[in-house]
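**Q** Sequence plus predicted model, see below.
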Amino acid sequence: MKSLLTYALASLMLVAGCATHAGPDHRNSHFGKWFFGKFSETQIGPRPFYLVEDMDEGELKDKLKSCDTGPFFQSRFSIGHRGAPLQFPEHTKESYEAAAKMGAGILECDVTFTKDRELVCRHSQCDLHTTTNILATPLAEKCSVPPEFDSNGMLTNAADITCCTSDITLAEFKSLQGKMDAADRTATTIEGYMNATADYRTDLYASKGTLLTHAESIQLFKELGAHYTPELKSPSVEMPFEGDYTQEMYAQQMIDEYRDAGIHPRKVWPQSFNYEDVKYWIDNTWYGRQAVYLDGVYDTSVTQAQMEEWVDEGLRVLAPPMWMLLNVNSDGEIVPSQYAINAKAAGLKLIAWTLERSGRLTDNGGWYFQSVNGDDGGMDVIDNDGDVMTVLDVLAQDVGVIGVFSDWPATTTYYANCMNL
């Protein structure tokens with residue numbers, strides 16, 4: 001009875017929100033039932049309000065400000081990119097829990113493998129030296145390129161250190177702790193090497209980062225009420241690994257862990273930058289129906305005809321970086337790019353990455369905003385942090401993406417709730 005009352009109350013709040021925050025009606029659009037997550041109110045914190053307040057005056061700002069009393073609920077439009085790594089060590093239990101609390105309805109485990117071929121969550125097979133404390137442990141000696149020191153104890157090869165999950169066993173991997181992804185490759189001490197977090201991030205929550213296996217991430221995300229978007233990472237070692245562990249075995253092993261956990265394919269969005277991985281899932285597993293091709297070629301001249309070929313081969317979801325979906329017209333307005341127009345015409349669903357990833361927009365915003373900040377030779381229309389909401393609005397309303405990865409999911413959660421209640 002209590003759960004029914006809770007659901008009814010949440011439904012009434014949603015209906016009330018429709019009258020109060022009358023945004024575009026997406027009940028029959030790409031959002032629909034895909035959009036709504038579980039009815040548990042989220043804790044979005046102060047950042048979305050800061051961003052809205054920092055926006056240029058106008059109708060969009062007024063609309064977003066009208067939502068400041070909430071309520072806010074989990075949304076599958078909001079995708080936790082490696083968790084919530086703007087402040088928490090990526091791909092750790094703590095980072096995932098933070099993302100879920102901020103309303104991320106889909107969470108990402110980047111999948112790679114250990115020496116004993118167990119799947120774990122890491123952005124790269126060879127990033128342990130920048131994302132964990134491995135260099136401060138005896139396991140540093142097992143790294144592909146371990147740290148070297150001169151006769152005075154000074155680090156001499158900071159630029160070359162490389163530590164991979166395939167260098168160590170699962171048990172050894174689980175003994176490590178996650179840290180903020182950073183390294184000073186000019187350092188002469190291990191301490192200096194590890195203490196290099198970007199100034200727009202923080203080490204405040206990096207004192208403990210619990211590393212997870214892929215299977216553990218599946219169980220955690222289930223408990224958090226989220227859907228799954230595992231990314232099969234390109235191996236840094238030669239495949240077949242040790243002569244007999246093939247790419248197809250690796251791709252199938254990732255899917256098997258969802259099947260073995262009883263997770264329905266509709267809740268899983270497997271991703272890869274390798275189109276052959278995506279094709280493998282489409283051709284050989286039920287989980288291929290929502291397989292996501294991550295466009296890492298960065299060719300904005302891809303034609304509609306090429307995209308239609310992908311669709312004919314079974315592809316349904318395409319995920320390029322945000323800048324590939326955006327352009328600036330002669331009036332200085334952010335608009336969909338020709339790439340985005342081609343993708344929609346070909347019948348592809350689109351997911352964009354990655355919001356809140358590259359620092360403050362007052363400092364240009366960097367690589368992820370290159371098509372709207374002047375870096376690619378076009379017009380620069382980015383000059384304040386609040387512009388992130390304008391970019392998000394164009395992606396959602398004009399491009400029509402079904403989800404956006406973010407390093408701080410509260411931002412996308414706020415926008416998604418406000419514009420669809």
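**A** Arrived safely, thanks for sending.
**Q** and residue 389, how many neighbours?
**A** For residue 389, the neighbour count with other C-beta atoms under 10 Å is 23. The way it works is simple: take the backbone N, C-alpha and C, and place the C-beta from them, glycine included.
**Q** My understanding was that it contacts residue 63; is that so?
**A** No: contact criterion C-beta atoms under 8 Å: residue 389 and residue 63 do not qualify, at 10.1 Å.
**Q** which one is residue 77 nearest to, not counting chain neighbours?
**A** Nearest residue to residue 77 in three dimensions, chain neighbours excluded: residue 416, at 4.0 Å (C-beta to C-beta, 6 or more residues apart in numbering).
**Q** now residue 49, what's its secondary structure?
**A** helix (DSSP: H, G, I helix; E, B strand; the rest coil).
**Q** quick one on the thing from earlier: quick one, what contacts the residue nearest to residue 77?
**A** Contacts for residue 416 were tallied using C-beta atoms under 8 Å, 6 or more residues apart in numbering; they are 35, 75, 77-78, 103, 396.
**Q** Kindly report the same for residue 306.
**A** Applying C-beta under 8 Å, 6+ apart, we find residue 306 in contact with no residue.
**Q** Break this structure down into its structural domains.
**A** Domain assignment for the chain, taken from automatic domain parsing, gives 27-109+212-420, 128-194.
**Q** mind checking the end-to-end distance for the shortest one?
**A** Separation of the first and last residues of domain 128-194 by C-alpha to C-alpha, to the nearest Å is 11 Å.
**Q** Which residues outside stretch 359-370 are in contact with it?
**A** If you take C-beta under 8 Å, 6+ apart as the criterion, stretch 359-370 is touched by 198, 200, 321-323, 353-355, 357-358, 373, 375-376, 382-388, 391.
**Q** Grab the nearest non-local neighbour of the residue most central in space within the chain.
**A** Among the residues of the chain, the one closest to the centroid is residue 81, at 2.2 Å (C-alpha atoms, centre = their mean). Nearest residue to residue 81, sequence neighbours excluded (C-beta to C-beta, 6+ apart): residue 405, at 4.0 Å.
**Q** My reading is that that neighbour is in a strand; is that accurate?
**A** Yes: assessed by three-state DSSP, residue 405 belongs to a strand.
**Q** So it sits against residue 355, correct?
**A** Yes: the criterion here is C-beta under 8 Å, and residue 405 meets it with residue 355 at 6.8 Å.
**Q** With residue 121 as the reference, name the closest of the domains of the chain.
**A** Comparison of these against residue 121 by C-beta to C-beta identifies domain 27-109+212-420 as nearest, at 4.2 Å.
**Q** Count the residues that sit near residue 294.
**A** 21.
**Q** repeat for residue 413
**A** Quick note: residue 413 (other C-beta under 10 Å) scores 29 neighbours.
**Q** so who does it touch?
**A** Residues in contact with residue 413 (C-beta under 8 Å, 6+ apart) are 42, 44, 48, 72, 74-75, 78, 102-104.
**Q** same thing but 6 Å
**A** 42, 44, 72, 75, 78, 102-103 (C-beta atoms under 6 Å, 6 or more residues apart in numbering).
**Q** Who wins on neighbours among these?
**A** Highest neighbour count within these: residue 78, with 32 neighbours (other C-beta under 10 Å).
**Q** The helix or strand it falls within: partners in the sheet, and parallel or antiparallel?
**A** Using DSSP states H and E, residue 78 maps to strand 73-80. Sheet pairing of strand 73-80 (DSSP bridges) gives strand 36-41 (antiparallel), strand 104-107 (parallel), strand 403-406 (parallel).
**Q** Nearest residue to residue 417 in space, please, no chain neighbours.
**A** Nearest residue to residue 417, sequence neighbours excluded (C-beta to C-beta, 6+ apart): residue 72, at 4.7 Å.
**Q** helix/strand/coil for the residue of the chain most remote from its centre?
**A** The centre of the chain is farthest from one residue, residue 151, which by C-alpha atoms, centre = their mean lies 43.1 Å away. With three-state DSSP as the basis, the three-state label of residue 151 is coil.
**Q** Got the confidence number for it?
**A** Per-residue pLDDT puts residue 151 at 98.
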